[in-house]
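A.B. asks: Fold the following, please.
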Amino acid sequence: MNEKQSECTIEACDIFDFMANHVGMTVIHPGGYDATRKLAESCHLDNHTRVVDIACGKGTSAVYIAERYGCEVVGIDISVDLVA
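C.D. replies: Numbers count the residues shown, from 1 in each chain. I've put the predicted structure just below:
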């Protein structure tokens, strides 16, 4: 276990950092990008669309949608640390 892992316990880190450091998952993304892409395509997103990502976490989906479809995306999460 490296120094970063030993500092990051489930009690001391947010779930995203814990999963990245101990499980090797850098993104916790249920359904993955494929599910996000399918949802976005079904909504016919484009550069005129505005999207709100509620419970955005660290913003993985929000960033993907903004970059891929050129639309305006606002992420909202209860965790100030994740939004930062």
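A.B. asks: Specify the residue ranges that define each domain of this structure.
C.D. replies: 1-30, 31-84 (automatic domain parsing).
A.B. asks: what's the least confident stretch among those domains?
C.D. replies: Ranked by mean pLDDT, the domains of the chain end with domain 1-30 at the bottom, a mean of 62.
A.B. asks: Pull out the buried positions in the helix or strand harbouring residue 61.
C.D. replies: Counting by DSSP states H and E, the element that carries residue 61 is helix 60-69. Neighbour counts over helix 60-69 (16 or more other CB atoms under 10 Å) mark 60-62, 64-66, 69 as buried. In short, each C-beta sits where N, CA and C put it, glycine included.
A.B. asks: you'd agree residue 61 is up against residue 53?
C.D. replies: Yes - contact criterion CB atoms under 8 Å: residue 61 and residue 53 qualify, at 5.7 Å.
A.B. asks: Which one of the buried residues of helix 60-69 is nearest to residue 44?
C.D. replies: Nearest to residue 44 out of those is residue 69 (CB to CB; 9.4 Å).
A.B. asks: Give the burial count for the residue nearest to that closest one when sequence neighbours are not counted, as a bare number.
C.D. replies: In space, and not counting its chain neighbours, residue 69 is closest to residue 45: 4.0 Å by CB to CB, 6 or more residues apart in numbering. Residue 45 has 19 neighbouring residues, counting by other CB atoms under 10 Å.
A.B. asks: any idea where the strands of this protein begin and end?
C.D. replies: Here the chain has its strands, by DSSP state E, at 50-54, 72-76.
A.B. asks: most tightly surrounded among those?
C.D. replies: Per residue and on average, the most neighbours among these fall to strand 72-76, with a mean of 15 (mean count of other CB atoms under 10 Å).
A.B. asks: what's it packed up against?
C.D. replies: strand 50-54, helix 60-69 (3 or more CB pairs under 8 Å, 6 or more residues apart in numbering; DSSP states H and E).
A.B. asks: No further questions, thank you.
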